[in-house]
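Undergrad: How does the following fold in three dimensions:
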Amino acid sequence: MTAPSSRELICVDLCGMRAALVEQARARGVSPSEFLRTALADALKSGGCSVRAAPGSCPATKARMRLSLRMSSEDRGAILADARKAGLKPGAFVAGLVTGVPVLTSGSSRGDHLAALVASNAEMATLVRNVGHLTNLFRQGSSRAAHEYRVMLDGVAREVRKHIQHVSAVLADLRPGRASTPATGPPGGEDV
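TA: You can find the predicted model right below:
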């Protein structure tokens with residue numbers, strides 16, 4: 001005897017009824033699984049059974065769903081390699097391409113964008129430390145030592161503007177070009 005599964009999945013041999021099932025599901029605008037669940041629920045109810053799906057148990061109610069794509073093995077390999085290079089799961093990578101995330105559609109590297117953002121943040125952290133040190137020198141009355149920081153202080157506004165522009169550009173390149181439905185749970189859980 002096998003151990004019970006947390007998934008409520010059953011495999012059924014359709015014995016030649018698949019084409020009719022797909023046709024009927026398509027005619028109703030639902031997936032074959034949804035059509036079968038509805039038909040089964042109706043049959044169970046007519047037999048006197050009380051049918052109530054557990055909340056969140058139906059895949060149609062989950063925020064993330066599986067999508068199977070048919071493609072050549074070369075295309076599959078390219079998607080997997082590019083997703084790995086971008087640091088994304090295949091599903092998140094394909095969704096990013098579909099939604100027009102500039103860093104994915106332009107051929108530039110997501111990793112390079114993020115590295116540039118990290119470097120810019122590090123520069124801002126250094127700037128914050130220097131301004132803090134300068135403030136302490138003024139508090140201590142060391143105007144001569146503080147004067148040495150004047151050159152750095154003269155360029156603070158320019159550096160902050162440059163950082164904000166850089167961060168804005170990187171974040172814009174990492175966002176979808178069109179709105180997509182926010183997902184809950186770990187991103188890119190689909191298989192390709």
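Undergrad: Need the residues that contact stretch 138-148.
TA: Contacts of stretch 138-148 with the rest of the structure, by CB atoms under 8 Å, 6 or more residues apart in numbering, involve L134, L137. Placement of C-beta: from N, CA and C, glycine included.
Undergrad: Report the buried residues of that stretch.
TA: Across stretch 138-148, burial judged by 16 or more other CB atoms under 10 Å covers A146.
Undergrad: Could you give the separation of it from the chain centroid?
TA: Offset of stretch 138-148 from its chain centre (CA atoms, centre = their mean, to the nearest Å): 49 Å.
Undergrad: okay, and the helix or strand of this structure with the least pLDDT?
TA: Within the chain, judged by mean pLDDT, DSSP states H and E, the helix or strand with the poorest mean is helix 150-154; its value is a mean of 69.
Undergrad: Next SSE downstream of it?
TA: Per DSSP states H and E, the first helix or strand lying C-terminal to helix 150-154 is helix 156-174.
Undergrad: How is L88 assigned, secondary-structure-wise?
TA: Here L88 is recorded as coil under DSSP: H, G, I helix; E, B strand; the rest coil.
Undergrad: Hmm, it is touching V101, no?
TA: No. Counting by CB atoms under 8 Å, L88 sits too far from V101 to count as a contact (9.6 Å).
Undergrad: so where's this structure uncertain?
TA: Where the chain drops to pLDDT under 70, the residues are 1-7, 52-63, 106-110, 149-152, 173-192.
Undergrad: Repeat the analysis, applying 50 as the threshold.
TA: 55-56, 61, 179-192 (pLDDT under 50).
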